[in-house]
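Trainee: 3D model of this:
(one chain, ligands or ions: 1)
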Amino acid sequence: SDNAAAGAITALPVDCHVERVTLVEHYTDRLFRFRTTRPSSLRFRSGEFVMIGLPGGERPVFRAYSIASPSWDDELEFFSIKVPGGPLTERLQRIEIGDEILIKKKPTGTLVLDALAPGKRLYMLSTGTGIAPFASLIRDPETYEKFDEVILTQSCRRVAELAYGESTVRELVEDPLVGEIAAPRLTFYTTVTREPHPHPFRITDAISSGRLFADLGLPPLDPATDRVMICGSIEMTRDCRALCQAAGLEEGSNAKPAHFVVERAFVG
Ligand code: A2P
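Mentor: Numbering: from 1, shown residues only. I've put the predicted structure just below:
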């Protein structure tokens, strides 16, 4: 039969697309990105995540991954940590061009423009791989149609961990189409906590001390003008949520758009 001829594919979950890896780039011993072909039927909003897994074994392990590419891109991009012994990333970190990736059919998530009330400025606060949904949103022209200014922040332990964000922003600014819209409106503000850096502090400290706003020449967070998206560890999202609430911002959702939205980054 046709199935026997296809051979390699075993017990494939029916709610999955099978795609192929088109690029793998390692940044550090803990971080890498990869790109895949995009299923022609997959539609998503910039900032959403999907469940991804690897074929083989009796029951594939799936983990939530933010789609880091914008919704107009004809490929998909993902930014991942490598967890030694991790149920998915132990194998995922060894993928190569041409390998198969399973992608579940239903994208979802709260880090979407639809979950925010209209505003003037959009802050995107991330730690580590929490930058992934924002790598999608900063490359989407709709972000700049909705906001005059976009401030992306990323905090990492080490300088080398900023490489993905830095190269993504650099390539965006040089992009012939989106670059023209994004470059005058986008600011990338980085902090590093465990190595020397011009901003040697957590983003939460930069917000509560006022240092972030002083560096940007902007007023402190204000529910009348400012919107915030948050993506990082449990502790980071908890602390950033508290700072937003202290400034009078209300948490939004797809069902009830408001001033800020929160999602935990993929953890392993
Ligand atoms: P720190 O080095 O002071 O812990 P991790 O790799 O542990 O997820 O951390 C990534 C970055 O997020 C680090 O710079 C770390 O700072 C910072 N971080 C950790 N916890 C918080 C928090 N609760 N609020 C803000 N930043 C945090």
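Trainee: those residues of the stretch 151-268 of the chain touching the ligand, which are they?
Mentor: 155-157, 193-194, 202-204, 233, 235-236, 239 (Cβ under 6 Å from any ligand atom). C-beta coordinates here come from the backbone N, C-alpha and C atoms, glycine included.
Trainee: all strands of the stretch 51-200 of the chain, in order?
Mentor: In the stretch 51-200 of the chain, the strands defined using DSSP state E, counting those that start in this stretch lie at 62-66, 75-81, 100-104, 121-127, 149-156, 186-192.
Trainee: coming back round to it: export the residues of the stretch 151-268 of the chain next to the ligand to JSON lines and tack on neighbour count and pLDDT?
Mentor: Putting these into JSON lines (neighbours: other Cβ atoms under 10 Å; pLDDT from 0 to 100) gives the following:
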{"residue": "Ser155", "neighbour count": "27", "pLDDT": "98"}
{"residue": "Cys156", "neighbour count": "26", "pLDDT": "98"}
{"residue": "Arg157", "neighbour count": "13", "pLDDT": "97"}
{"residue": "Thr193", "neighbour count": "16", "pLDDT": "98"}
{"residue": "Arg194", "neighbour count": "11", "pLDDT": "98"}
{"residue": "Arg202", "neighbour count": "16", "pLDDT": "98"}
{"residue": "Ile203", "neighbour count": "27", "pLDDT": "98"}
{"residue": "Thr204", "neighbour count": "21", "pLDDT": "98"}
{"residue": "Ser233", "neighbour count": "15", "pLDDT": "95"}
{"residue": "Glu235", "neighbour count": "10", "pLDDT": "97"}
{"residue": "Met236", "neighbour count": "23", "pLDDT": "97"}
{"residue": "Asp239", "neighbour count": "19", "pLDDT": "98"}
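Trainee: just flag the most distant two among those.
Mentor: Greatest spatial distance in those: Arg194 and Asp239, 17.7 Å, computed using Cβ to Cβ.
Trainee: re earlier: between the residues of the stretch 151-268 of the chain next to the ligand, which sits nearest Val21?
Mentor: Within those, the smallest distance to Val21 is 25.1 Å, found for Cys156 (Cβ to Cβ).
Trainee: which residues touch the closest one?
Mentor: Contacts of Cys156 were listed using Cβ atoms under 8 Å, 6 or more residues apart in numbering, and they are 127-128, 162, 190-193.
Trainee: who wins for proximity to Thr37 among the strands of the stretch 51-200 of the chain?
Mentor: Across the strands of the stretch 51-200 of the chain, closest to Thr37 is strand 75-81 (Cβ to Cβ), at 6.4 Å.
Trainee: Cys244: how many residues sit nearby?
Mentor: 24 (other Cβ atoms under 10 Å).
Trainee: okay, helices next: where are they in the stretch 51-200 of the chain?
Mentor: When assigned using DSSP state H, counting those that start in this stretch, the helices of the stretch 51-200 of the chain occupy the ranges 89-92, 132-137, 141-146, 163-174, 178-182.
Trainee: just want the angle from the fourth one to strand 121-127.
Mentor: Taking axes from the mean of the first three to the mean of the last three Cα atoms, to 10 degrees, helix 163-174 and strand 121-127 form an angle of 150 degrees between their directions.
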